[in-house]
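**Q** compute the structure for the input listed below.
(one chain, ligands or ions: 1)
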Amino acid sequence: MNVLIIEDEPSLSRNISSYLLQSMYVCETVATVSMAKAKLDHASYDCIVLDIGLPDGSGLELLRELKQKNESDGVVIISAKNSLDDKLAGLGLGADDYLTKPFHLAELSARVNAIIRRRSFDGRNVITLDRLTIDLLCKSIRVDDTELSLTRKEYDLLVYFVSNKNRVVTKESIADHLWEASVEMTDSFDIIYSHVKNLRRKLMEAGCPDYIKSVHGMGYKFSLA
Ligand code: CA
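**A** Next up is the predicted model:
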């Protein structure tokens, strides 16, 4: 799950990023509208944390452009102004949520969580699939009644696979979603390969069928059949 933080106050941006990182989100940060546009041209995000007052423009304008392009990224606006106009404008433009500064990081994290859950899993916190139970709030996975011990990347991968059940996910899209842009594409493919291999082994050792199939030359597909 990846989050783009668009916020020009360096300390707030850092705090949000390190807090969300603890919740297993990959975060990228930018401080201006133009930097945000450059990022959004090349990637999509599960959630965008968007400040309104940015040095080179308004977050609301950026939101308008984003929604005109029909981008499906979730958006939570963070604003210093407790202005009803801004709030209505933001929600009217298609933001999912609005938080007034100052806020507790736990509150922001809960809102981000809720947006991602709503978009990926119709708002459910616990997903049961065949023998798997995924608790998105506790970030835990059980096979039947046994808790599976996964690394953070393996957990992220599994949730990403499950949210794309029966669809082929390419290595490029896995790299986009789960790894920082700084990792070279070719390096990240090797990394993805070994994480998928480990995840698959852990699932099968716990007694699961082979849910994660390699699709030759393309990527992987999670399916129950
Ligand atoms: Ca600002």
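**Q** ok now stretch 210-225, how far from the chain's centre?
**A** Per Cα atoms, centre = their mean, to the nearest Å, the displacement of stretch 210-225 from the mean C-alpha position of its chain is 21 Å.
**Q** hey, what's the residue of the chain found nearest the ion bridged with?
**A** Closest residue of the chain to the ion, Cβ to the ion: G53 (3.9 Å). Where you see a C-beta, it was placed from the backbone N, CA and C, and this is true even at glycine. In this entry, G53 is beta-bridged to S58, by DSSP bridges.
**Q** ok, it - how many residues close by?
**A** 17 (other Cβ atoms under 10 Å).
**Q** tell me the contacts of it?
**A** Going by Cβ atoms under 8 Å, 6 or more residues apart in numbering, G53 touches D8, G59, S79, A80, K81.
**Q** quick check, nearest of those to T170?
**A** Within the contacts of G53, proximity to T170 (Cβ to Cβ) peaks at G59, which comes in at 31.0 Å.
**Q** which residues does the closest one contact?
**A** G59 neighbours (Cβ under 8 Å, 6+ apart): I6, V33, L50, D51, I52, G53, I77, S79.
**Q** now with 10 Å, please.
**A** 6-8, 33, 36, 48-53, 75, 77-79, 86, 90, 93, 95 (Cβ atoms under 10 Å, 6 or more residues apart in numbering).
**Q** thinking again about what came up before, of the contacts of G53, grab the buried ones for PyMOL.
**A** Remark: buried members of those, expressed as a PyMOL selection using 16 or more other Cβ atoms under 10 Å:
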select buried, resi 8+59+79
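**Q** adding distance to D210 and pLDDT, write the contacts of G53 out as TSV.
**A** Formatted as TSV, the contacts of G53 follow (distance: Cβ to Cβ, whole Å; pLDDT from 0 to 100):
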residue	distance to D210	pLDDT
D8	47	97
G59	45	95
S79	48	91
A80	51	86
K81	53	74
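**Q** this completes my enquiry, with thanks.
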